[in-house]
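K.L.:
Below: sequence and its predicted model.
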Amino acid sequence: MPHARGHARVEWRRLPRSRTRASCSVIEQRERRCPPCGQRSVASIAAIGYLSAEMSGEPARVTDADVDRLAAQIGLVIAPERRAAVAQNLAMLLAAARLLDELALPETVEPAPRFEP
Amino acid sequence: MSATEIARAVRAGKRRARDIVAGALDRIARRNVEVNAFTCVLDARARADADEIDRRLAQGHDPGSLAGVPFAVKNLFDVAGMTTLAGSKINAERAPAPRDATAVARLRASGAVLVGALNMDEYAFGFSTENTHYGPTRNPHDASRIAGGSSGGSAAAVAAGLVPLTLGTDTNGSIRVPAALCGVFGLKPTFGRVSRSGVVPLAWSFDHVGPFARGVGDLAAAFDAIAGPDPLDPVCSTLPVGRCVDQLDSGIDGMRIARLGGHFMTLATDEALAAVTRVADALGARREVTFPEVHRARAAASVITACEGAAVHLDDLRSRADDFDPMTRDRLLAAALVPASAYVRAQRLRRWFRAQVHEAFAQADVLLAPTTPWTAPAIGAPWSTRIGGTEVVTRGHLGVFTQPLSFIGLPVISVPVVTRGSLPLGVQIVGRPFEEAALFRVAARLEADGVVSAPVV
């Protein structure tokens, strides 16, 4: 079953009790899967984000088409079955990048790489 | 026997290096099937090296401070005559390394005997050592759980008593996370304190080399052997190195020790935070210090690691993506698509954050924080986990407390806190750059008082 515009639906499934860790009572473990194909969900980007609750603003969203377009620019070919997972990971990194944009740094702060000839 | 005890016995002529090494090889043969820490065992070479140590001793030569101590290294390190796997299938096709990595060469020059190479996440890009090519390394405390990563084999081999010393690397927590989950000591030195020459890079900005051990004395002895300038590593510091083993009994009088607050006290289990409280109480550390914008520091560390990691492997991602471990492939492919502006922004934030943290060190000399937010997850655990009402990425969140510290290269020792009936946890002892000796003094006090320990499991 194809996903509309590359976004899978989200399904939450609580794991059986036996797979949760008794020693970590405050933790609940969940798994997201796209019901039709079983792949991890692209739409989960919106819910998880890279740094979860620490994020502010709208989380990043990346479509399969975004992945193909960006990959083509640097000579990468992303296999169709991997686009959703790549999109998910890219969305997390872009969410992290957005977090950096939100903090105004003084103009005098230069990048940190060190090169001592 | 600890590494220190082995070296003392061998140097005194009470034990032969040959017998010590044979014992280690025997333990590996018996237990590695269960733990899967080793990807290669150098049986004949190790026995020959041990014989050479015995021969030099018999001739009256000094075989070195670590004479006869068996050790092993993450398979990210070059070992002369061996192919450096870096946890990958792709690198298995490469030619054998022409020489030892600097850290390996220095341990061997100190008389330690290399017995093999250890499992890891592919290209060190992970926190779990669930390696698809070489199988998962299993936690010696519970074989159904991960050992942590990316230096999982290095931590598990020490925890299981296969060898007393190992080497690993830490970019975002890859020494400290597995040390904590396997219940052993792990040191991530100051960035630039130990040479990375001959080590396959993950992210040049953050890659560190460091040791694992079951005791503070062994950890210090290994660090003393490998630390110091190396012209082969362009970021290796030329600052002089003092011997840390000489300072273990110096005590902590006058040392200002505080607990890191804010970010370092959230999104963790009660037991992970309780481990820090236990250590802080033992040290009389009642003050709390906070760093600003730690979550953004972690985000920046993630962006830089991703961009540099993708740059290292871009050619292979273009030509043979199918040969990457599925556990790393999709993340590296995504990382290759991140815009350059994000990378530069992250590097600028690194410099800003460093300045903020250095200011914070005016309030304390040594800081304490959890190493991981929880104990070792199950092998094959779900991708995401909910903690305190927040959903986080199960494996990525293991680095929530380690990433912001390696981001600016601070030295950290992760000490093991083991409670009867529970899985191990770690506490990070964090210091100013190039002040590893202060961390060893604190760790030695905790070990002497029985607060931290790493018995063989």
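P.N.:
In hand now; what should we look at?
K.L.:
Stretch A:74-87: end-to-end distance?
P.N.:
16 Å (C-alpha to C-alpha, to the nearest Å).
K.L.:
in it, what's buried?
P.N.:
By neighbour count on 16 or more other C-beta atoms under 10 Å in any protein chain shown, the buried set for stretch A:74-87 is A:76, A:78, A:82-87. Using the backbone N, CA and C atoms, a C-beta is placed for each residue, glycine as well.
K.L.:
filter those residues down to the ones near chain B?
P.N.:
Restricting the buried residues of stretch A:74-87 to those touching chain B (C-beta under 8 Å from any C-beta of the partner chain) yields A:76, A:78, A:82, A:85-87.
K.L.:
Which of these fall in helices?
P.N.:
If you go by DSSP state H, those have A:82, A:85-87 in helices.
K.L.:
Name every strand pairing with the host helix or strand of B:F71 and say which way it goes.
P.N.:
Element membership for B:F71 (DSSP states H and E) is strand B:70-74. Here strand B:70-74 is paired, per DSSP bridges, with strand B:113-118 (parallel), strand B:165-170 (parallel).
K.L.:
Show me what the next helix or strand after it is packed against.
P.N.:
Going down the chain from strand B:70-74, the next helix or strand is helix B:102-109, by DSSP H and E. Helices and strands touching helix B:102-109, as assessed by 3 or more C-beta pairs under 8 Å, 6 or more residues apart in numbering or on different chains; DSSP states H and E, comprise strand B:70-74, strand B:113-118, strand B:165-170, helix B:216-226.
K.L.:
mind redoing it with 6 Å?
P.N.:
If contacts are counted by 3 or more C-beta pairs under 6 Å, 6 or more residues apart in numbering or on different chains; DSSP states H and E, helix B:102-109 sits against helix B:216-226.
K.L.:
Listing partners with orientation, what would you give for the helix or strand that comes right after the helix it packs on?
P.N.:
Following helix B:216-226 in sequence order, the next helix or strand is strand B:257-260 (DSSP H and E). Partners of strand B:257-260 in the sheet, by DSSP bridges, are strand B:287-289 (parallel), strand B:366-370 (parallel).
K.L.:
got these as TSV, with mean neighbour count columns?
P.N.:
Below are the strands paired with strand B:257-260 laid out as TSV (neighbours: other C-beta atoms under 10 Å in any protein chain shown):
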stretch	mean neighbour count
strand B:287-289	17
strand B:366-370	26
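K.L.:
Minimum distance to B:V344: which of those strands has it?
P.N.:
Comparing those by their distance to B:V344 (C-beta to C-beta), the top pick is strand B:366-370, with 28.4 Å.
K.L.:
How far away from the center of its chain is that closest one?
P.N.:
Here strand B:366-370 is found 17 Å from its chain centre; the criterion is C-alpha atoms, centre = their mean, to the nearest Å.
K.L.:
now that strand: mean pLDDT?
P.N.:
Average pLDDT, strand B:366-370: 98.
K.L.:
Outside of it itself, list whatever touches it.
P.N.:
B:257-260, B:264, B:268, B:272, B:276, B:279-280, B:289, B:401, B:428, B:430-431, B:438, B:442 (C-beta atoms under 6 Å, 6 or more residues apart in numbering or on different chains).
K.L.:
rerun that using 7 Å as the cut-off
P.N.:
With contact meaning C-beta atoms under 7 Å, 6 or more residues apart in numbering or on different chains, strand B:366-370 is reached by B:255, B:257-260, B:264, B:268, B:272-273, B:275-276, B:279-280, B:285, B:289, B:401, B:427-431, B:438-439, B:442.
K.L.:
where does the stretch 151-300 of chain B come near chain A, residue by residue?
P.N.:
Proximity of the stretch 151-300 of chain B to chain A (C-beta under 7 Å from any C-beta of the partner chain) is limited to residues B:205, B:235, B:269-271, B:293, B:295-296, B:298-300.
K.L.:
How many neighbouring residues does B:G262 have?
P.N.:
By the criterion of other C-beta atoms under 10 Å in any protein chain shown, B:G262 has 14 neighbours.
K.L.:
wait, what's in contact with it?
P.N.:
By C-beta under 7 Å, 6+ apart, the residues touching B:G262 are B:290, B:294.
K.L.:
How about A:A97?
P.N.:
A:A97 makes contact with B:303, B:338, B:342 under the criterion C-beta under 7 Å, 6+ apart.
K.L.:
Same question for B:E436.
P.N.:
Contact analysis of B:E436 by C-beta under 7 Å, 6+ apart lists B:189-190, B:223, B:244, B:411.
K.L.:
Throw the contacts of A:A97 into TSV and include pLDDT and secondary structure, thanks.
P.N.:
Shown next, in TSV, are the contacts of A:A97 (pLDDT from 0 to 100; DSSP: H, G, I helix; E, B strand; the rest coil):
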residue	pLDDT	secondary structure
B:V303	97	helix
B:V338	97	coil
B:A342	97	helix
